[in-house]
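> Starting from these lines, generate the structure:
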Amino acid sequence: MASTTTTLLRCLLVMTLLLSSLSVPSTAQIKGCPFTSIYTFGDGDESTSDGSTMSDHLAAAFHLPSPKPYASGSSGTESTHGASFATAGATVMSTYFFVERDIQFPRHPLMQSLHTQIENFFSTKEDLQKAILFLEQLGANDYKLAFLQGKSIDEVSRYVPKVVEGIKSTMRKLMNAGATHLFVTGVSPMGCLPGYLTLLRNTDRMQYDSNNCLRGLNAFARLHNDHLQQALMELRLEFPQVQIVYGDYYKAFMALLRNRVLLGFTKETLTKACCGLGDPYNFHPKETCTNQGVNVCSNPAEYVHWDGFHLTQEASKHVVEAFVAGRGFVYPEFKFPEVMHCTMK
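Okay, here's the model as predicted:
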């Protein structure tokens, strides 16, 4: 009973914090809050049923404007209140990295590497002292390309140090340029995503845990996150004046599954995509949400997954709650000393 009560109180605390953050319009600047903007990097193909992204929910928690997609050639004044440099399928590593490892690199017309995103960011004039730089799930697309082309977990595990070093190098460039507040997330439990659950069926990697997620892929995600956290510790020593926050995406997601009943998610939909085709996970790699005839669930708020690799609006909000609350579902080491001025009235 005590454990149940504690869990309920934690959930109520998180929900209270979210309601507090949403009680003021996201474009209203909170007195005493030093942040004026959020700039996002990573995978831009993450919109949910209402078109929102994880960075939109983070901006709302800080009562900041949602970052608008960066337009090439825009002036610095157009992105004063934030911008998203994220692009669909963006990878940390270069094309050569994948070619060298016999991994086909599909090039989308709008696809850009993390390197290009950072170069675009530097082409604008930003006040980095008042900006939060949000780097979300960097490396996830690098690993996805490898796994979906048949590479084993053992082989892809050998990529992790190079991918994390690429992330670390990018952060170093941003901090040398004057960035003082960086928010970096790990990757989610990859073995719980409908895309992987579908595409890796009938392989030797299909061993499930109590959440019906793939044990091997989740262990791999933890490996990446461990390497990333070590890199962040090293960067904190190198740049003691910079605040580097680690958002524990993995723990936040797993806490969401543990508290699914209180949060309104149904057991039957925990591994199914809201938007898609096919059994048993409602995902097909060639049938995206933009394709004609693809089904969209009537109750997305009861689903964790929007498509094969991205969360619904409701799930994204709960993950951000965990990041910002600190003592809610998880303890993700959110240490911006000014944060309470931004998230509370």
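> Scan this protein for its longest helix.
When the chain is parsed with DSSP state H, its longest helix is helix 215-238.
> Asp209 versus Phe134, what's the distance?
Separation of Phe134 from Asp209 (Cβ to Cβ, to the nearest Å): 29 Å. For glycine as for every other residue, the C-beta is placed from the backbone atoms N, C-alpha and C.
> which one of these two has more residues nearby?
The neighbour count for Phe134 versus Asp209, taken as other Cβ atoms under 10 Å, is higher for Phe134 (25 against 14).
> So that one: helix, strand or coil?
strand (DSSP: H, G, I helix; E, B strand; the rest coil).
> And the next helix or strand past the helix or strand bottoming out on mean pLDDT in the chain?
Taking mean pLDDT, DSSP states H and E as the measure, the helix or strand of the chain with the lowest value is helix 2-22, at a mean of 40. With elements assigned by DSSP states H and E, the helix or strand that comes after helix 2-22 is strand 37-42.
> could you say what helices and strands the helix or strand that that next one is followed by packs with?
Sequence-wise, the next helix or strand downstream of strand 37-42 (DSSP H and E) is helix 54-61. Applying 3 or more Cβ pairs under 8 Å, 6 or more residues apart in numbering; DSSP states H and E, we find helix 54-61 packed against helix 2-22, strand 37-42, strand 131-136, helix 313-325.
> all helices for the stretch 201-345 of the chain, in order.
Ranges of helices within the stretch 201-345 of the chain are 215-238, 249-258, 260-263, 313-325, 339-343, based on DSSP state H, counting those that start in this stretch.
> Let me know which of those is tucked in deepest.
Stretch with highest mean neighbour count among these: helix 313-325 (a mean of 24; mean count of other Cβ atoms under 10 Å).
> what angle separates that one from helix 54-61?
If you take axes from the mean of the first three to the mean of the last three Cα atoms, to 10 degrees, helix 313-325 sits at 50 degrees to helix 54-61.
> Only alpha carbons, please: show helix 313-325 as CSV.
C-alpha atoms of helix 313-325 as CSV (Å, rounded to 0.1, in the frame of the first residue of the first chain):
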residue,chain,number,x,y,z
GLN,A,313,1.7,13.9,-28.2
GLU,A,314,0.5,12.5,-24.8
ALA,A,315,3.5,10.3,-24.3
SER,A,316,5.9,13.1,-25.3
LYS,A,317,4.4,15.4,-22.7
HIS,A,318,4.9,12.9,-19.9
VAL,A,319,8.5,12.3,-20.9
VAL,A,320,9.1,16.1,-20.7
GLU,A,321,7.4,16.2,-17.3
ALA,A,322,9.9,13.7,-16.1
PHE,A,323,12.8,15.8,-17.4
VAL,A,324,11.6,19.0,-15.9
ALA,A,325,10.1,17.8,-12.6
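> where does that helix sit relative to the chain's centre, distance-wise?
Relative to the chain's own centre, helix 313-325 is displaced by 10 Å; criterion: Cα atoms, centre = their mean, to the nearest Å.
> Over to stretch 55-70?
14 Å.
> Now do the end-to-end distance for that stretch.
From its first residue to its last, stretch 55-70 covers 14 Å (Cα to Cα, to the nearest Å).
> any idea of the mean pLDDT in it?
Averaged across stretch 55-70, the pLDDT comes to 85.
> List the buried residues of it.
55-67, 70 (16 or more other Cβ atoms under 10 Å).
> Take the residues you listed and lay them out in TSV including distance to Gly191.
TSV is the format used below for the buried residues of stretch 55-70 (distance: Cβ to Cβ, whole Å):
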residue	distance to Gly191
Ser55	25
Asp56	26
His57	24
Leu58	25
Ala59	29
Ala60	29
Ala61	28
Phe62	31
His63	35
Leu64	33
Pro65	35
Ser66	31
Pro67	30
Tyr70	32
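> ok, Asn211 - contacts?
192, 254, 257, 270 (Cβ atoms under 8 Å, 6 or more residues apart in numbering).
> got TSV for those residues, with pLDDT and distance to Phe105 too?
Output for the contacts of Asn211, formatted as TSV (pLDDT from 0 to 100; distance: Cβ to Cβ, whole Å):
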residue	pLDDT	distance to Phe105
Cys192	94	26
Met254	90	31
Leu257	89	33
Leu270	90	32
